[in-house]
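Asker: Sharing a model that was predicted from the sequence below.
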Amino acid sequence: MSAEQKALQAAIRYEKASAQVKALTRSIGEELEECPTTKLAEQAWQQFGGNIYVSKSSGKVMTHLWGAFNEETEGPYGGVGLNEGEITDYLRDEETGCPHCLRAWELIGERKAARKDLGRAKLSLRAVAKSAIKAQGA
């Protein structure tokens with residue numbers, strides 16, 4: 001494969017990975033918009049001009065996913081956050097979970113993998129560029 005073909009393949013791989021990360025991020029937002037808490041937050045804002053469904057410290061809507069991230073269990077040195085499996089269980093629970101937040105959590109996992117692919121694509125692109133620079137003698 002020629003240097004030009006390698007460069008083109010690396011650029012294509014990078015662009016595809018970048019587009020996948022962006023699409024997953026958009027999908028996560030769409031799922032969180034469907035969370036019943038988000039809808040309640042919007043109604044509260046319209047009716048009262050304030051919002052009891054928004055965290056005062058972060059300014060974020062307290063979706064079920066937010067709840068999972070902020071839930072603590074007792075550890076040997078005090079409260080500790082939930083691990084990935086516990087977050088999944090929390091979001092599957094009938095009382096604490098929601099299907100939209102669970103789907104958003106699943107998409108977050110997919111995005112994490114897509115970001116790794118994006119990083120590898122970036123490294124490939126940089127390697128091709130370094131090789132081209134070296135070949136030019138610069």
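Answerer: That came through fine. These numbers were taken from a predicted model, which means no experiment stands behind them.
Asker: Could you use CA atoms for every contact and neighbour count after this?
Answerer: Will do.
Asker: all strands for this structure, in order.
Answerer: For the chain, strands defined by DSSP state E occupy the ranges 72-75, 78-81.
Asker: Any idea which of those has the lowest pLDDT on average?
Answerer: The minimum mean pLDDT among these belongs to strand 72-75 (a mean of 80).
Asker: on contacts alone, who are the packing partners of it?
Answerer: strand 78-81 (3 or more Cα pairs under 8 Å, 6 or more residues apart in numbering; DSSP states H and E).
Asker: Nearest the middle, which residue of the protein would you pick?
Answerer: Here the mean C-alpha position of the chain is nearest to the C-alpha of Ile108 (Cα atoms, centre = their mean), at a distance of 3.9 Å.
Asker: quick one on the thing from earlier: quick one: the strands of the chain as TSV, columns for mean neighbour count too.
Answerer: Putting the strands of the chain into TSV (neighbours: other Cα atoms under 10 Å) gives the following:
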stretch	mean neighbour count
strand 72-75	11
strand 78-81	12
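Asker: The ones you listed: which one's closest to Ala19?
Answerer: Ala19 sits nearest to strand 78-81 of all these, at 31.3 Å, using Cα to Cα.
Asker: Outside of the closest one itself, list whatever touches it.
Answerer: With Cα atoms under 8 Å, 6 or more residues apart in numbering as the test, strand 78-81 has contacts from 69-74.
Asker: circling back to that earlier point, with distance to Ile133 added, can I get the strands of the chain in JSON lines?
Answerer: Putting these into JSON lines (distance: least, Cα to Cα, whole Å) gives the following:
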{"stretch": "strand 72-75", "distance to Ile133": "51"}
{"stretch": "strand 78-81", "distance to Ile133": "47"}
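Asker: Many thanks, have a good one.
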